[in-house]
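In: What follows is a predicted structure for the sequence shown.
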Amino acid sequence: MITISNVKKIFKTKDGKFTAVDDVNLQITEGEIFGVIGYSGAGKSTLIRMLNGLESPTSGTVDVNGKIISNIRGAELRKARQKISMIFQHFNLLWSRTVRENISFPLEIAGVDKKKREKKVDELIELVGLNGRGGSYPSQLSGGQKQRVGIARALANDPQVLLCDEATSALDPQTTDSILELLVDINKRLGLTIVLITHEMHVIRKICHRIAVMEDGRVVELGDVLEVFKQPKEQITKRFVQQVTEPEETRETIEHLLDEYEDGKVIKLTFVGEATEQPIITNLIRSFDINVNILQGKISQTQNGAYGSLFIHVHGVQEEITKAVDFLESAKVGVEVITHD
C-alpha cells in the first residue's frame, strides 16, 4: 500500500542545510493502523506530509498504492490526494460554513452533484456520531466534535489512506479516547489504512498495529506495538513506553523504597499476551519463604493483545530471593531487578 524508500528531506535555512528526514525506509500494509512517534523535531511531520505531496523528498521515493507521489504534479497530484486524506491537530475547518457544508466541501471541489453530495454527507454525519449537528457552525462545537467533522470531511471522497497529524493533541484525555475509538471503528468498517503521528505513547498503545520510532530524522526502531512494549531496544523507545507503563509517581515510590530498604529487591515484572493471566504472585508466595509487597501494577490493551507491568518488593533470606528471581525468569515473564538510577 505505502512504500517509503531511502527518503531524505533537506531544508535550506539561513544557518545552512538541515536534514529533517534522513534515509527512511518503511512499508505500510493495506488496512493497517501505523503509528509514527517522536519528540518535536524528530522529522515525523515532514515524513507524513511527503505521503500526500505537501512536501517533496530531496531524494528517495514515496509510493502510495502504486503511484509515486514524489514524482507527480498538478492535476495528477490533486487526483491522487483525493484518495489520501488528512486530519490535523487544530481541525482546519471552514468557520463560515456549517458542519454539513464543511463535510460537503471536498465533494463540491470534486464536482459531485448535489443529490449525491447530500446523501454522502448524511452517511458521514451518522458514521462519526454527529447526528443533529449538521446545521451547527464550528464555533458552536466542542473540540471532539470539531475533530469528528474533520474526520467526516476527510472521508468524503472515499480515500484509501487517512493521515492523522497529531489529531488528538489538542483534546482532553476522555475526548482523545473517543476519537481513537472512532478511528478504530472506521478502520474496521472501511478497511481504511491509517497513518498517524504523535508524541503520545497512549495513542500508539490504544489503536496502532505497528510503530516506527523517529529520532533526529531517522527511524530508530520499528515493530509490532506489543513487541515494542515487551522489549524496547532504544533508549528513546524505553522513555515512550514508560509514559504508559511507569507513571512518575511509580518511579518516586521505587526510589523511596530503595532508600528505605537495604535488603531485598525491587523487581519489575512484564507480562505479554497470555502471560498476563498467570497467578504469578500466588505461585511465588507459595513456592518460596519470602515476603512480597506489591507497589504498582497495570494491564493495558493493545490492538495485538494485552501488556502488563507489575512492580514488587521481595524481602527474605538472600538464597530464597535468588530462587524466586530464577523462578520468575523461567515463567515467561520479563524480569528486571531495579537499582538506583
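Out: Nice, I can see it. What you are looking at is a predicted structure, and each value in this text was computed from that prediction instead of being measured.

In: what's the longest helix in this protein?
Out: helix 173-190 (DSSP state H).

In: So which bits of that helix are buried?
Out: Thr175, Thr176, Asp177, Ile179, Leu180, Leu182, Leu183, Val184, Ile186, Asn187, Leu190 (16 or more other CB atoms under 10 Å). Just so you know, the C-beta spots here come from the backbone N, C-alpha and C atoms, and that holds for glycine as well.

In: hang on, Leu226 packs against Val272?
Out: Yes: using CB atoms under 8 Å, Leu226 is in contact with Val272, at 6.2 Å.

In: hang on, the earlier thing: the longest helix of the chain - contacts with which helices or strands?
Out: Counting contacts by 3 or more CB pairs under 8 Å, 6 or more residues apart in numbering; DSSP states H and E, helix 173-190 is packed against strand 33-37, helix 143-154, strand 161-165, strand 193-198, helix 201-207.

In: Please enumerate the strands of the stretch 201-341 of the chain.
Out: Ranges of strands within the stretch 201-341 of the chain are 210-215, 218-224, 265-272, 290-302, 305-316, 334-338, based on DSSP state E, counting those that start in this stretch.

In: Show me the shaky parts of this protein.
Out: Residues of the chain that meet the criterion pLDDT under 70 lie in 246-251, 253-254, 257-258, 260-262, 274-276, 340-341.

In: Tell me which residue is most central in it.
Out: Ile204 (2.4 Å; CA atoms, centre = their mean).

In: For that one, give me its contacts.
Out: Shown in contact with Ile204 (CB atoms under 8 Å, 6 or more residues apart in numbering): Gly35, Ile37, Thr198, Ile211, Val225, Phe240.

In: try Lys17
Out: Ile10, Phe11.

In: Can you spell out which residues form a bridge with it?
Out: In this entry, Lys17 is beta-bridged to Lys12, by DSSP bridges.

In: going forward, begin numbering at 682 instead of 1
Out: Done: numbering now begins at 682, and the last item shifts to Lys698.

In: I'd like to know how far it sits from Thr739.
Out: Applying CB to CB, to the nearest Å, one obtains 10 Å for the distance of Lys698 from Thr739.

In: List the residues that are in contact with both of these two.
Out: Joint contacts of Lys698 and Thr739 (CB under 8 Å, 6+ apart) are Ile691.

In: quick one: the strands in the stretch 682-831 of the chain?
Out: With DSSP E, counting those that start in this stretch as the criterion, the stretch 682-831 of the chain has strands at 683-694, 697-709, 714-718, 740-745, 748-749, 765-769.

In: quick one on the thing from earlier: overlap in contacts, Leu907 and Val953.
Out: Counting by CB under 8 Å, 6+ apart, the residues touching both Leu907 and Val953 are Gly986, Tyr988.

In: Count the residues that sit near the closest residue to the residue nearest to the centre of the chain other than its chain neighbours.
Out: The shortest distance from Ile885 to any non-neighbouring residue, by CB to CB, 6 or more residues apart in numbering, is to Gly716 (4.4 Å). Gly716: 27 surrounding residues under other CB atoms under 10 Å.

In: Please look at Gly716 and Ala893 and confirm they touch.
Out: Yes: counting by CB under 8 Å, Gly716 does reach Ala893; the two are 7.3 Å apart.

In: just to revisit the earlier point, now do the contacts for the residue nearest to Ile885.
Out: Val876, Leu877, Ile878, Thr879, Val884, Ile885, Ile888, Cys889, Arg891, Ile892, Ala893, Val906.

In: can you tell me how far it sits from Ser686?
Out: 20 Å.

In: try Thr874
Out: Using CB to CB, Thr874 is found at 18 Å from Ser686.

In: neighbour count winner among those two?
Out: More crowded of Thr874 and Ser686, by other CB under 10 Å: Thr874, with 23 against 17.

In: quick revisit: now do the longest helix of the chain and strand 714-718, the angle between them.
Out: For helix 854-871 against strand 714-718, the angle by axes from the mean of the first three to the mean of the last three CA atoms, to 10 degrees is 140 degrees.
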